[in-house]
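*Asks:* this one's structure only:
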């Protein structure tokens, strides 16, 4: 068992949106227990808030976006991954544009911001969704599955016809330290011909070699090279961690993804919430359904509070 956590202090950063190319200022602020991750619009409909839940998910290309209450925010997966990876449960995220800043294309800048702000424990237990039966989403050769497990785990495999990738696989055993050292630094990537096609369509306007690993036919264009030989699959793990935070509570199970992506990640989140017979909610305080995904869990077969052995 662990207590919920929030930031000790507010922290801000500035950058540009990966797809819009527009400048954005982002501020992460402490929030009370059971708030969850809530985005707050500081432009236009100032003060409107939007919980980072799958209920607010909207279809987009090449990123994860939520919309509602008069505004939309895109490309939130890297920030969500940093928050989930470091066990940050309750914060407000102020944004003054329609897209989170891409920073260096990874979660590492957000991790450094969170670490500099500090974390504090709160007076509520953190509930966990523990899988008791497997669920799977399949789309042709792409698939993602979650199975019962005693700990949170991810096994991800990708396959690309490129000499630097071919087939890569990564097995991730969840802990905040492992996220920070193994996953957070992995950057988003794209193939040169695809990047040029995005630019032609008015997308990826903020993308450059400072925030995206760009692959030519036989190598990478970035002078700094790769941060890991398998940086590509590690970034896919990062994306999955961010997307799965839209569940609203941490999960205990084994995620197995093969050539998956944002769309399949979030389809599995929806399938989990649609099948409460496949999981139990552990460590829930009475009346814990404060955020919207937790309200969707009210029909859960809640198990008695137990001391979970989940790495910090």
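*Replies:* Received the coordinates, thanks. This is a predicted model, so every value here is computed, not measured.
*Asks:* Contact partners for the residue lying closest to residue 63 once chain neighbours are set aside?
*Replies:* With Cβ to Cβ, 6 or more residues apart in numbering as the criterion, residue 63 has its nearest non-adjacent residue at 4.2 Å, and that residue is residue 75. Placement of C-beta: from N, CA and C, glycine included. Shown in contact with residue 75 (Cβ atoms under 8 Å, 6 or more residues apart in numbering): 17-19, 63-65, 99-100, 102.
*Asks:* Save those residues as TSV, and put in secondary structure, neighbour count and distance to residue 253 too.
*Replies:* Output for those, formatted as TSV (DSSP: H, G, I helix; E, B strand; the rest coil; neighbours: other Cβ atoms under 10 Å; distance: Cβ to Cβ, whole Å):
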residue	secondary structure	neighbour count	distance to residue 253
17	strand	23	33
18	coil	27	30
19	coil	23	31
63	coil	20	25
64	coil	26	20
65	strand	21	25
99	strand	24	31
100	coil	27	27
102	coil	28	30
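*Asks:* any idea which of those is closest to residue 240?
*Replies:* Closest approach to residue 240 among the contacts of residue 75 (Cβ to Cβ): residue 64, at 10.6 Å.
*Asks:* Residue 8 versus the closest residue in space to that closest one that isn't next to it in sequence, what's the distance?
*Replies:* Excluding its sequence neighbours, the residue lying closest to residue 64 (Cβ to Cβ, 6+ apart) is residue 77, at 4.3 Å. According to Cβ to Cβ, to the nearest Å, residue 77 stands 25 Å off from residue 8.
*Asks:* Which residue of the two possesses the greater neighbour count?
*Replies:* residue 77 (26 against 13; other Cβ atoms under 10 Å).
*Asks:* I'd say residue 279 and residue 127 touch.
*Replies:* No. Judged on Cβ atoms under 8 Å, residue 279 makes no contact with residue 127 at a distance of 11.3 Å.
*Asks:* lowest-pLDDT helix or strand in this protein?
*Replies:* helix 292-295 (a mean of 46; mean pLDDT, DSSP states H and E).
*Asks:* one step back: pick out the lowest-pLDDT one from the contacts of residue 75.
*Replies:* Among the contacts of residue 75, residue 19 carries the weakest pLDDT, at 87.
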